[in-house]
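> here's my sequence, what's the structure:
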Amino acid sequence: MFYIKGKFYNKKIHLKPTQILTLGFAITILVGALLLNHPAATTLNKSPGFINALFTATSAICVTGLTVVDTGTYWSMLGKTVILILIQIGGLGFMTTATMVFLLLGKKITLRERLVIQEALNQFSISGVVRLVRYILLLTMIIEAFGAVFLSFRFIPQYGISKGAFYSVFHSVSAFNNAGFDIMGDFKSLTQYNEDILVNIVIMSLIILGGLGFSVLVDIINNKSWNKISLHSKLVIFLTSTLIVVGSIIIFILEFNNPETLEPLSFSGQFISSLFHAVSPRTAGFNTLPTDKLRHATQFFTMILMFIGGSPASTAGGIKTTTFGVLLLTVWSTVKGQEETVIYKRTIPTTIIFKSLAIISISLILISIMTLILTITEKAEFMAIIFEVFSAFGTVGLSLGLTHELTILGKILIIILMFTGRVGPLTLTLAFSIRAKKAKIKYPEEKILVG
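Prediction:
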């Protein structure tokens with residue numbers, strides 16, 4: 001029931017699943033911003049200002065990691081705990097978290113709620129979505145617990161039991177959820193651990209597991225065989241492995257003689273740092289090398305990795321590996337003169353190809369518009385601006401130092417980019433679109449010249 005012009009109306013407002021997801025993320029961000037805006041959330045015991053609180057809450061919920069203030073020194077234990085909870089909610093997703101609450105309260109999951117879960121987890125049908133949510137929650141707790149235990153072997157001896165334990169839990173949750181938030185202080189991320197094998201391997205493992213996607217992890221656990229897993233899982237595993245291997249080789253070639261990044265390190269340090277920098281931009285945001293000291297070629301390549309991101313139904317952002325893979329396969333099929341896109345003896349439906357092209361097109365248009373506006377509003381080099389845009393859209397969190405220098409308008413634009421990158425450009429577009437009626441007339445075809 002709602003009230004308009006002196007009359008009460010009892011008509012229910014029916015929201016589409018995409019609208020519910022968008023609204024759910026927005027409300028969660030607003031609640032997080034209000035909590036972080038409280039003076040007790042900062043070490044200075046004064047409000048950080050609503051825009052800064054909103055920026056931080058958006059970055060946490062959208063598991064980005066871009067920060068306008070230093071997380072380690074500016075926020076109090078309360079503030080850090082709020083950020084940690086927001087990261088966990090953002091990584092799991094609004095509907096997964098809501099479903100967890102429903103299950104704990106013994107509430108029955110309705111058909112409408114299952115449809116929203118299906119949309120949130122990017123599944124093809126509603127069959128088994130609640131069971132998948134249970135798997136997701138269990139896997140998350142197990143993986144983050146193991147990550148925290150392994151990190152504690154380094155952090156507890158260094159920081160003491162209580163502080164070291166909190167550091168271990170915080171960075172395990174942040175890494176698995178591909179958030180990129182760190183509490184090391186002074187915006188230095190994990191640069192002090194650039195040759196630490198334990199920290200690097202644990203953080204990279206958490207990032208990769210979080211970026212594969214929950215549906216892929218469940219598929220691997222249930223089937224345990226390459227021949228039995230789905231085409232989606234095969235494509236995700238192949239593309240993720242390829243991007244990591246090829247990415248680390250390219251970064252090593254570009255940076256091995258850079259005196260400000262890889263050159264001073266031992267060979268093992270160079271290897272692990274190259275590998276880490278190939279993993280983190282998709283889309284974790286941790287860095288063991290100073291990002292602003294990387295060569296322009298490496299920064300540009302990093303932007304490509306940030307744009308691709310992780311995989312569907314994961315904690316990562318970007319256009320997703322499968323979207324990128326479908327595009328490459330379609331281009332290759334066109335070059336070979338094939339009418340269908342085929343991989344592993346399976347034909348990819350035309351609807352999937354169109355959806356991939358729509359996601360990439362909307363993403364590039366949004367990035368172009370935001371970059372153009374930010375070049376007007378911000379006094380910074382073009383590379384710093386476009387890097388920030390790619391990082392925000394890909395929910396990565398890497399920066400060339402522009403974030404804490406953004407104007408108020410710049411912060412708002414980056415907030416919009418982070419939100420779009422997490423919810424998904426196509427999901428957000430569909431949320432605000434008008435449902436089109438199915439055409440009753442099929443018009444004749446006519447060719448046009450392209451290329």
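
> and residue 75, backbone torsions?
Main-chain torsions, residue 75, degrees, to the nearest 10: phi -90, psi 140.

> whoops, residue 342 was the one
phi -120, psi 140.

> repeat for residue 343
According to degrees, to the nearest 10, residue 343 has phi -150, psi 140.

> OK, contacts around it?
231, 235, 329 (C-beta atoms under 8 Å, 6 or more residues apart in numbering). In this view, the C-beta of every residue, glycine as well, is placed from N, C-alpha and C.

> wait, the first one sits on residue 344?
Yes. With contact defined as C-beta atoms under 8 Å, residue 231 counts as touching residue 344 (5.9 Å).

> higher neighbour count, the two?
In this view residue 231 and residue 344 are compared by other C-beta atoms under 10 Å, and residue 231 has more residues nearby, 13 against 8.

> and that one, how far is that from residue 442?
31 Å (C-beta to C-beta, to the nearest Å).

> kindly report the same for residue 155.
64 Å.

> same deal with residue 23?
36 Å.

> and what of residue 393?
Residue 393 is 37 Å from residue 442, where distance means C-beta to C-beta.

> between those two, which one's more packed in?
More crowded of residue 393 and residue 442, by other C-beta under 10 Å: residue 393, with 29 against 6.

> contacts only, for that one.
Residue 393 neighbours (C-beta under 8 Å, 6+ apart): 306-307, 317-318, 363, 366-367, 370, 417-418, 420-421.

> can we see that at 7 Å?
363, 366-367, 417, 420-421 (C-beta atoms under 7 Å, 6 or more residues apart in numbering).

> now it. Nearest residue, chain neighbours left out?
Computed as C-beta to C-beta, 6 or more residues apart in numbering, the closest residue to residue 393 that is not its neighbour in sequence is residue 421, at 4.4 Å.

> the strands in the chain, which residues?
Here the chain has its strands, by DSSP state E, at 2-4, 7-9, 342-343, 346-347.

> next, the buried residues of stretch 365-378.
366-367, 370-371, 374, 378 (16 or more other C-beta atoms under 10 Å).

> among those, name the ones in helices.
Under the assignment DSSP state H, those contribute 366-367, 370-371, 374 to helices.

> residue 52: which of these is nearest?
residue 374 (18.0 Å; C-beta to C-beta).

> pLDDT value on that closest one, please?
pLDDT, residue 374: 96.

> so how far is residue 370 from the nearest residue to it once chain neighbours are set aside?
Closest residue in space to residue 374, ignoring its immediate chain neighbours: residue 385 at 4.9 Å, by C-beta to C-beta, 6+ apart. Separation of residue 385 from residue 370 (C-beta to C-beta): 9 Å.

> please apply the same query to residue 80.
29 Å.

> for residue 135, same thing?
From residue 135 to residue 370 the distance is 36 Å (C-beta to C-beta).

> show me the contacts for residue 378.
Going by C-beta under 7 Å, 6+ apart, residue 378 touches 385, 402, 406-407, 410.

> got it, and residue 252?
Contacts of residue 252 (C-beta under 7 Å, 6+ apart): 270, 274.

> and for the one 5 residues further on?
Each residue near residue 257 by C-beta under 7 Å, 6+ apart is listed here: residue 263.

> can you check the pLDDT for it?
We have a pLDDT of 93 for residue 257.

> one more: residue 445?
On the pLDDT scale, residue 445 gets 79.

> count the residues that sit near it.
5.

> one more: residue 360?
For residue 360, the count of nearby residues is 18 (other C-beta under 10 Å).

> and the closest residue to it other than its chain neighbours, how far from residue 51?
Spatial nearest neighbour of residue 360, excluding adjacent residues (C-beta to C-beta, 6+ apart): residue 319 at 5.7 Å. For residue 319, the distance to residue 51 (C-beta to C-beta) stands at 28 Å.

> of the two, who's got more company?
Set side by side, residue 319 and residue 51 show more neighbours around residue 319, with 24 against 17, by other C-beta under 10 Å.

> any idea how far the more buried one lies from residue 205?
Residue 319 is 24 Å from residue 205, by C-beta to C-beta.

> just residue 79 next, same as before
28 Å.

> so where's the stretch 151-300 of the chain shaky on pLDDT?
Nowhere does the stretch 151-300 of the chain drop to pLDDT under 70.

> repeat that with 80
283 (pLDDT under 80).

> that one: helices as residue ranges?
161-176, 197-212, 214-223, 231-255, 267-279, 296-308 (DSSP state H, counting those that start in this stretch).

> now those as CSV including distance to residue 63?
Shown next, in CSV, are the helices of the stretch 151-300 of the chain (distance: least, C-beta to C-beta, whole Å):
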stretch, distance to residue 63
helix 161-176, 8
helix 197-212, 9
helix 214-223, 14
helix 231-255, 18
helix 267-279, 15
helix 296-308, 13
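
> between the ones you listed, which one is closest to residue 398.
helix 296-308 (6.8 Å).

> and that closest one, which residues are buried?
By neighbour count on 16+ other C-beta under 10 Å, the buried set for helix 296-308 is 298-299, 301-303, 305-308.

> got the contact list for it?
243, 247, 250-251, 254-255, 281-283, 318-319, 321, 324, 383, 387, 390-391, 394, 396, 398.

> ok, now which ones touch residue 33?
50, 53-54, 57.

> would you format these as TSV with distance to residue 34 included?
TSV is the format used below for these (distance: C-beta to C-beta, whole Å):
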residue	distance to residue 34
50	8
53	8
54	9
57	8
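
> in PyMOL, how would I select just the buried ones from those?
To isolate the buried subset of the contacts of residue 33 in PyMOL, counting by 16+ other C-beta under 10 Å, use the following:
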select buried, resi 53+54+57
